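K.L.:
Make a model of this:
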Amino acid sequence: MADIFDIEHQGIQELNKLEWLLTNEIQLCSQRLLKICVAGGIVADEIDEEFLIPNTRAIEITKDSKLYTFSFLNFVSYAITEEMFAQNSDEEVSEGGWVGIYSKSFFLDFVRKSTWATTKFPGELFHYQICTLDHKIDVVTSNHPDFTNF
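P.N.:
Numbers count the residues shown, from 1 in each chain. Purely as a prediction, here's the structure:
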């Protein structure tokens, strides 16, 4: 069962305490529904001999990984940034951890300036960010996402 997103939600608190978080799936289900599934990463038992750094173990999604899904209905804009190109700024204001909500951000400013979305329609805009070891996913919407953890 999906819950309405709340930074204090027990599942969000659990997710934000994870040591590793990976992107499992990003799916544009329709013109108006974006689903993002992330998973707790698990360190592999075997050393990855093919990796460039000796004695390295992969962090991966396994059958034991806990999954978390966010469903954004009627989003205004979203962006996916490859983690190695992502950067943070002291000028932005957020609360949370792996999953956070921004009250001030460059992406939120960009969406306000580059779209005709206003507080009248579709309403107050919220900037959610989901950071994983492989992506930074930003979503601006006037609706709080549904959240499912299993």
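K.L.:
Buried ones in the longest helix anywhere in the chain, by neighbour count?
P.N.:
Secondary structure assigned by DSSP state H gives helix 106-114 as the longest helix of the chain. Buried residues in helix 106-114, defined by neighbour count with 16 or more other C-beta atoms under 10 Å: 107-108, 111-112. C-betas here are computed from N, CA, C, even on glycine.
K.L.:
With stretch 14-23 instead?
P.N.:
Quick answer for stretch 14-23 (16+ other C-beta under 10 Å): 15, 18, 20-23.
K.L.:
Show me what it is in contact with.
P.N.:
36-43, 59-61, 65-66, 68, 96-99, 131-135, 137, 149 (C-beta atoms under 8 Å, 6 or more residues apart in numbering).
K.L.:
now it: mean pLDDT?
P.N.:
Stretch 14-23 carries an average pLDDT of 94.
K.L.:
sorry, back to before: can you say which of the contacts of stretch 14-23 are buried?
P.N.:
36-42, 59, 61, 65, 68, 96, 98-99, 131-132, 135, 137, 149.
K.L.:
now the chain, which segments are flagged as low pLDDT?
P.N.:
Scanning the chain for pLDDT under 70 picks out 1-5, 48-52.
K.L.:
dump the residue contacts of the spatially most central residue of it.
P.N.:
Centre of the chain computed as the mean C-alpha position; nearest residue by C-alpha atoms, centre = their mean is I130, 1.8 Å away. Shown in contact with I130 (C-beta under 8 Å, 6+ apart): 36, 38, 70, 98-99, 136-137, 139.
K.L.:
distance between the host helix or strand of it and the chain's centre?
P.N.:
Assigned by DSSP states H and E, I130 belongs to strand 126-131. Taking the mean of its C-alpha atoms, strand 126-131 sits 6 Å from the chain's own mean (C-alpha atoms, centre = their mean, to the nearest Å).
K.L.:
Name the strands paired with it and say parallel or antiparallel.
P.N.:
strand 99-104 (antiparallel), strand 135-141 (antiparallel) (DSSP bridges).
K.L.:
Let me have the buried residues of helix 106-114 in CSV, extended by distance to E92.
P.N.:
Output for those, formatted as CSV (distance: C-beta to C-beta, whole Å):
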residue, distance to E92
F107, 9
L108, 9
V111, 14
R112, 14
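K.L.:
ranges for the strands of this protein?
P.N.:
3-4, 21-28, 33-40, 42-47, 57-60, 67-73, 75-82, 93-96, 99-104, 126-131, 135-141, 146-149 (DSSP state E).
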